[in-house]
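Colleague: I'd like to go over a predicted model; first the sequence, then the structure.
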Amino acid sequence: MTAAPSPVAAPERRRVRTSARDLAQIAVFAALIAALGLPGALYLGGTAVPITFQTLGVMLAGAILGARKGALSVLLLLVLVAAGLPLLSGGRGGLGVFVGPSVGYLIGWIFGALVIGWLTARLLPRYRILPALGATALGGIVVIYLVGVPVFAAITGNPLGVAIAGSAIFLPGDILKVVVTVLVAKGVHRAWPGLIEPRPWPWKRVASEAAAT
Ligand SMILES: O=C(O)CCCC[C@@H]1SC[C@@H]2NC(=O)N[C@@H]21
């Protein structure tokens, strides 16, 4: 006996397929983040966490590839680092990095790319500069620090306040990276409009669904 079809339509499920093209883009951005480690690591103010251009690569990954592919490119880089490849700034790699004082920031990179990508999809197709700067700063600074600073404090035994104050040393460089990311991403999205599928803000989707019923 076959079950009678349900009178209630099942909610539409979006199937996410990772194509060969997606994989290539993910690999290219993992390589870009690795390449941005080549200029080296700068340790300022006695902190054990370096100033690095690699955060620029993380922000670019989210802003150019979107949430899923951007986060996957960061994840791919971290998997390669865990496997022992010296892909972090200063030629560091191996499992030791993941018990060191910067591990929170490394985990934060994944969430940072996710948040930037999610917000960027909502800002496209227009991608106006000011909202894009806000979105990129939220993911590329606030989210990364939100994970990185408390983990740094816990691992080094520093009081949270000291860790927060110490993270201020990264701010000027990270703000510059946000600006560069938005300018580059704006040009890229103008030249290749299909890289991230524009999406509605959740409250607009709810409103349009309510209007349709
Ligand atoms: O290489 C590592 O071990 C991780 C580096 C984490 C660096 C953090 S990310 C946010 C902030 N901006 C920087 O340039 N450095 C720190």
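Modeller: Arrived safely, thanks for sending.

Colleague: How about the residues of this structure by the ligand?
Modeller: By C-beta under 6 Å from any ligand atom, the residues of the chain that approach the ligand are 49-52, 55, 88-89, 97, 102, 105-106, 144, 148, 170, 173-174. In this view, the C-beta of every residue, glycine as well, is placed from N, C-alpha and C.

Colleague: Please indicate which of those residues has the highest neighbour count?
Modeller: Neighbour counts for the residues of the chain next to the ligand, by other C-beta atoms under 10 Å, peak at Ile144, which reaches 28 neighbours.

Colleague: name the helices or strands packed onto the helix or strand hosting it?
Modeller: Taking DSSP states H and E as the criterion, Ile144 maps to helix 144-156. With contacts taken as 3 or more C-beta pairs under 8 Å, 6 or more residues apart in numbering; DSSP states H and E, helix 144-156 sits against helix 103-123, helix 160-167.

Colleague: ok, residues contacting the last one?
Modeller: The one in question is helix 160-167. Outside of helix 160-167, the residues within contact range by C-beta atoms under 8 Å, 6 or more residues apart in numbering are Gly45, Thr47, Tyr145, Gly148, Val149, Pro150, Phe152, Ala153, Thr156, Asn158.

Colleague: Tell me who's in contact with the residue nearest to the first one when sequence neighbours are not counted.
Modeller: Spelled out, that is Gly45. Of all residues not flanking Gly45 in the chain, Ile169 sits nearest, at 4.8 Å (C-beta to C-beta, 6 or more residues apart in numbering). Taking C-beta under 8 Å, 6+ apart, we find Ile169 in contact with Leu44, Gly45, Thr47, Ile51.

Colleague: What's the per-residue pLDDT of Ile169 here?
Modeller: At Ile169 the predicted local confidence, pLDDT, stands at 96.

Colleague: Quick one: neighbours of Ala48, just the number.
Modeller: With other C-beta under 10 Å as criterion, Ala48 counts 13.

Colleague: Now do the contacts for the spatially closest residue to it that is not a sequence neighbour.
Modeller: By the measure of C-beta to C-beta, 6+ apart, the closest residue to Ala48 outside its immediate chain neighbours is Pro101, 4.3 Å from it. Counting by C-beta under 8 Å, 6+ apart, Pro101 touches Ala48, Val49, Phe152, Ile155, Thr156.

Colleague: Wasn't Pro101 part of a helix?
Modeller: No: Pro101 sits outside any helix when classified using DSSP: H, G, I helix; E, B strand; the rest coil, being coil.

Colleague: can you give me the helices in the chain?
Modeller: With helices called from DSSP state H, the chain shows them at 20-35, 54-65, 67-82, 103-123, 129-137, 144-156, 160-167, 171-191, 202-212.

Colleague: got those helices as a markdown table, with distance to Gly93 columns?
Modeller: As requested, the helices of the chain are exported to a markdown table (distance: least, C-beta to C-beta, whole Å):
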| stretch | distance to Gly93 |
| --- | --- |
| helix 20-35 | 10 |
| helix 54-65 | 13 |
| helix 67-82 | 5 |
| helix 103-123 | 12 |
| helix 129-137 | 27 |
| helix 144-156 | 19 |
| helix 160-167 | 24 |
| helix 171-191 | 22 |
| helix 202-212 | 39 |
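
Colleague: Among those, show me which one is buried the most.
Modeller: Of the helices of the chain, the one with the most neighbours on average (mean count of other C-beta atoms under 10 Å) is helix 54-65, at a mean of 28.
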